[in-house]
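> sharing a sequence plus its predicted fold:
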Amino acid sequence: MFKELMKNVEEKNPLTHCITNYVTVNDCANILLAAKASPIMADDIEEVEEIVSIYQALVINIGTLNSRTVKSMIVAGKRANKLNIPVILDPVGIGASKLRRKSIDEILKEVEFSVIRGNISEIKALHNGFTNTKGVDASNNDEIKEENIEKIIELAKNLSKKTKSIISISGKIDVIASENKAYLCRNGNSIMPLITGTGCMLSSLIGAYIGANPNNILESTLNANVLMGISGELAYEKMIKNNAGTMSFRNYLIDEVYKMNYEKIKEFSKIESK
Amino acid sequence: MFKELMKNVEEKNPLTHCITNYVTVNDCANILLAAKASPIMADDIEEVEEIVSIYQALVINIGTLNSRTVKSMIVAGKRANKLNIPVILDPVGIGASKLRRKSIDEILKEVEFSVIRGNISEIKALHNGFTNTKGVDASNNDEIKEENIEKIIELAKNLSKKTKSIISISGKIDVIASENKAYLCRNGNSIMPLITGTGCMLSSLIGAYIGANPNNILESTLNANVLMGISGELAYEKMIKNNAGTMSFRNYLIDEVYKMNYEKIKEFSKIESK
Amino acid sequence: MFKELMKNVEEKNPLTHCITNYVTVNDCANILLAAKASPIMADDIEEVEEIVSIYQALVINIGTLNSRTVKSMIVAGKRANKLNIPVILDPVGIGASKLRRKSIDEILKEVEFSVIRGNISEIKALHNGFTNTKGVDASNNDEIKEENIEKIIELAKNLSKKTKSIISISGKIDVIASENKAYLCRNGNSIMPLITGTGCMLSSLIGAYIGANPNNILESTLNANVLMGISGELAYEKMIKNNAGTMSFRNYLIDEVYKMNYEKIKEFSKIESK
């Protein structure tokens, strides 16, 4: 299935509008370009409606949110919904502050998302908000392992039902789920959390993939996860070979996205359907 | 002519004040340092007048403009004009929104620019604003080719006349024009648009070059174009040799600016006077 | 002494909250991760108090300050003081504008800092503010050399007494001083000022080190200086070996922080106690 999805990205060069944080914005722009998508980063409330309307996808990332940008996110998201442009939400650090919780609640009330992507802590925090569960799970539970994978799949499907969004959870095993179907992706490398922005970059890539493939949101999201994971594996090999460190890893990661093709995806992907 | 211009940059280490976007700001600072200029990125309206007055050049880039920063751009630009400090405008994505169009119109009403630099779409959008031409050219015309180069030179000279600015158009062939004279620069590599910020970085470099050579704006602008183009060629060679990708290319590009010298400029420059 | 300090950082993974500038924010996040700390960059006034209260250290950097973020700095800093969370100040470019001077004065009135780190010009500007000395020293005096090192140590101790902060001055020779004791660190490489953000990155690293070692602020600050200096030396060697330039140097620098260990610190550190 990936052959067609990747071809669409490469040929359509999907215009991807990101309202995102200032920490990883440069990496997000560069990974989008490396994947042959075309990014614009614009967050002023006076222009986001107009810009999103000529774009193929909208990425909303609350990594360094403030009151000014939250308003822009809502306005752009509603406009995208009206025009059937897919929107992805990255609820960065939703558990870290009431402001983030409140902003996400506001955004979710106004905007429908094709995809929500986060790490397991973020997705749990989001899920708990919906189920009125209080308290935060012990942090040692906040890891995706073979032993708890079935529970996490259930949580993802449940959240997908509630939000009408594809849920993409990043971790040692990635879980990508709709209400009824889930995929696992075992690609990636444990060094990835040691650079900033792997999550943000993946969300941007998913934006490009769903922008070019709006009728196949689940598999497009999976494809972006696989692409990111394999790029991480190849980048890690190069880092070790070059006796390099994490910053070189970041560069190699984006290099590998640029050099990716369907043959490598086919050869290296480790996916499972649930 | 480049020998003297480059020497001035290296010896004067021109202080270059950038009011710029948060996507590529780090690359702009690093390329300025690589070229032996000294950058400051400051955009608060309470300090920009004071800062620009001790600087040698001002770079205004609207890549992620908002109402707060547009005001700072105007205030800083007017102050620079009063002090005869050269100012360069990069009208990033001027065609993408009414806000950008409106902001640029406002800025151009208040500030005189020594140089305006953009890609051909941006320069055409700017030109059309002046001539009241409606409609946007078909995108396949928005490329600088040998076949349409004469028309683009005419457009550049015409816009230069209207704005009293040197016009620097970036593309497969760069066009650098005053009202009466134009230079073509055929340096560069087609991979350059596959990283974010090559345009922003070039605008910053032009800032440093005109800051160190305020009496020779046209040739300084050309020099920065040649420097960027050759650096792109050398960086691409290294990327291929190292089996790397676009993010490594970005790093090599700035590396090559750091390693540049007059001898390489003399050997590799492909310029033509029109 | 460094063995224990480094172990604490590696094992505690200190959560480091940065309110910092948008130029070097990505490098700061990546160097913190490379040192095994855990960064969050958050500056909205509605969330900074809440965030800092779950963090181990707060880094305040005025590189691209504006009125919105200065308020957040004060609110977060006061909260950190109340909770005995160490706070470090990086008064970037304090001499460049009245706004910076005024903002720093305001911040220093409200917030107590465990550490203040800057280059010699910044520290002198800060010191002069306290002593009502007018005029700025000639710039050729603004360098730390063997000939003027005793004077600078005195200045640092004096400023430490006035601010009740450890003073960390970066230059050819780093000076790290309390009221009564000073360390010199002769590690580092003269290429470091040719990339943007070495100062900001060091301030972030100090944040992580004092966050993990709140009872040993002076030696933790020294440790971060030594770590940065040695990483710079090793990165420069690699840059020369690879015939690379400044942008690769930036990447290697963070790589070396990631690859650092106590044995290298012991072998390469050049410190002197005064």
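Nice, thanks for sending it over.
> please count neighbours and contacts with C-alpha atoms only from this point.
Noted.
> now the stretch 101-250 of chain A against chain C: closest residue?
For the stretch 101-250 of chain A, the residue closest to chain C is residue A:245, as judged by C-alpha to the nearest C-alpha, at 3.9 Å.
> ok, that residue - contacts?
A:239, C:252, C:254, C:255, C:256, C:258, C:259 (C-alpha atoms under 8 Å, 6 or more residues apart in numbering or on different chains).
> highest neighbour count among the residues you listed?
residue C:254 (29 neighbours; other C-alpha atoms under 10 Å in any protein chain shown).
> burial of the residue of the stretch 51-200 of chain A found nearest chain B, as a residue count?
Here the residue of the stretch 51-200 of chain A nearest chain B is residue A:51; by C-alpha to the nearest C-alpha that distance is 6.3 Å. A total of 23 residues lie near residue A:51 under the criterion other C-alpha under 10 Å.
> mind checking how far the residue nearest to the spatial centre of chain A is from residue B:97?
The residue lying closest to the centre of chain A (C-alpha atoms, centre = their mean) is residue A:203, at 2.4 Å. To residue B:97, residue A:203 is 25 Å away according to C-alpha to C-alpha, to the nearest Å.
> what's the answer for residue A:105, then?
To residue B:97, residue A:105 is 29 Å away according to C-alpha to C-alpha.
> whichever residue of the stretch 1-150 of chain A sits closest to chain B: what's it in contact with?
Taking C-alpha to the nearest C-alpha, chain B has its nearest neighbour within the stretch 1-150 of chain A at residue A:26, 5.0 Å off. If you count contacts by C-alpha under 8 Å, 6+ apart, residue A:26 has them with B:23, B:24, B:196.
> contacts for the helix or strand hosting residue A:60, please.
Under the criterion of DSSP states H and E, residue A:60 resides in strand A:57-61. Residues outside strand A:57-61 that contact it (C-alpha under 8 Å, 6+ apart): A:14-21, A:52, A:73, A:77, A:80, A:85-92, A:200, A:203-204, A:207-208, A:210-211.
> where do the helices sit along the stretch 151-274 of chain A?
Ranges of helices within the stretch 151-274 of chain A are A:198-212, A:217-241, A:246-259, A:262-268, based on DSSP state H, counting those that start in this stretch.
> for the record, mean pLDDT for the second one?
In this case it means helix A:217-241. The pLDDT scores in helix A:217-241 average 98.
> which bits of chain A sit near chain C?
Contacts of chain A with chain C, taken as C-alpha under 8 Å from any C-alpha of the partner chain, map to A:22-24, A:63-67, A:96-99, A:194-196, A:244-248.
> near chain B, which residues of the stretch 1-150 of chain A? Just list them.
So the stretch 1-150 of chain A meets chain B at A:22, A:25-26, A:29-30, A:33-34, A:36, A:41-44, A:46-47, A:50-51 (C-alpha under 8 Å from any C-alpha).
> what count of nearby residues applies to residue A:250?
Per other C-alpha under 10 Å, the neighbour tally for residue A:250 reads 26.
> surely it is in contact with residue A:195?
Yes: assessed by C-alpha atoms under 8 Å, residue A:250 is found in contact with residue A:195 at 6.7 Å.
> what count of nearby residues applies to the residue nearest to residue A:20 when sequence neighbours are not counted?
In space, and not counting its chain neighbours, residue A:20 is closest to residue A:61: 4.6 Å by C-alpha to C-alpha, 6 or more residues apart in numbering or on different chains. The number of residues packed near residue A:61 is 23, by other C-alpha under 10 Å.
> now residue A:145
As a burial measure, residue A:145 scores 13 neighbours (other C-alpha under 10 Å).
> what does the secondary structure element (helix or strand) that residue A:150 belongs to contact?
If you go by DSSP H and E, residue A:150 is part of helix A:149-163. With C-alpha under 8 Å, 6+ apart as the test, helix A:149-163 has contacts from A:112-113, A:127, A:130, A:144, A:165-169, A:175-182.
> only the buried subset of these, as a ChimeraX command please.
The buried residues among the contacts of helix A:149-163 can be selected in ChimeraX (16 or more other C-alpha atoms under 10 Å in any protein chain shown) with this line:
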select /A:112,113,127,144,165,166,167,168,169,175,176,177,178,179,182
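> in strands, which of the contacts of helix A:149-163 fall?
Of the contacts of helix A:149-163, the ones assigned to strands by DSSP state E are A:166, A:167, A:168, A:169, A:175, A:176, A:177, A:182.
> including distance to residue B:232, could the residues you listed go into TSV?
Converted to TSV, these look like this (distance: C-alpha to C-alpha, whole Å):
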residue	distance to residue B:232
A:166	41
A:167	40
A:168	38
A:169	38
A:175	40
A:176	39
A:177	43
A:182	44
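> ok, so of these, who is nearest residue A:2?
Of all those, residue A:176 has the smallest distance to residue A:2: 15.0 Å, by C-alpha to C-alpha.
> and the closest one, what are its bridge partners?
Beta bridges link residue A:176 to residue A:168, residue A:183 when assigned by DSSP bridges.
> give me the low-pLDDT residue ranges for the stretch 1-150 of chain A?
A:130-141 (pLDDT under 70).
> taking it, what residue is nearest to chain C?
Nearest residue of the stretch 1-150 of chain A to chain C: residue A:23, at 5.0 Å (C-alpha to the nearest C-alpha).
> residues contacting that residue?
Residues counted as contacts of residue A:23 (C-alpha under 8 Å, 6+ apart) are A:63, A:64, A:197, C:22, C:25, C:26, C:29, C:41.
> thought the fourth one was touching residue B:20?
No: with contact defined as C-alpha under 8 Å, residue C:22 does not count as touching residue B:20 (10.7 Å).
> more neighbours: those two, which one.
Remark: of residue C:22 and residue B:20, residue B:20 carries more neighbours, 24 against 19, as counted by other C-alpha under 10 Å.
> so what's that one up against?
Contacts of residue B:20 by C-alpha under 8 Å, 6+ apart are B:41, B:43, B:59, B:60, B:61, B:62, B:63, B:64.
> which of those residues count as buried?
Applying 16+ other C-alpha under 10 Å to these flags B:41, B:43, B:59, B:60, B:61, B:62, B:63, B:64 as buried.
> show me which residues of the stretch 151-274 of chain A are close to chain B?
Residues of the stretch 151-274 of chain A that fall close to chain B, judged by C-alpha under 8 Å from any C-alpha: A:251, A:252, A:254, A:255, A:256, A:258, A:259.
> what's the closest non-adjacent residue to the fourth one?
Using C-alpha to C-alpha, 6+ apart and skipping the chain neighbours, the partner closest in space to residue A:255 is residue B:245 (3.9 Å).
> so what does the one you found look like in phi/psi?
phi -130, psi -160 (degrees, to the nearest 10).
> need the pLDDT of it.
Looking at residue B:245, its pLDDT is 98.
> ok, and what's touching stretch A:191-205?
Residues contacting stretch A:191-205 (C-alpha under 8 Å, 6+ apart): A:16, A:18, A:23-24, A:27-28, A:31-32, A:35, A:59, A:61, A:88-90, A:117-119, A:170, A:224-225, A:228, A:232, A:236, A:246-247, A:250, C:26, C:29-30, C:33-34, C:36.
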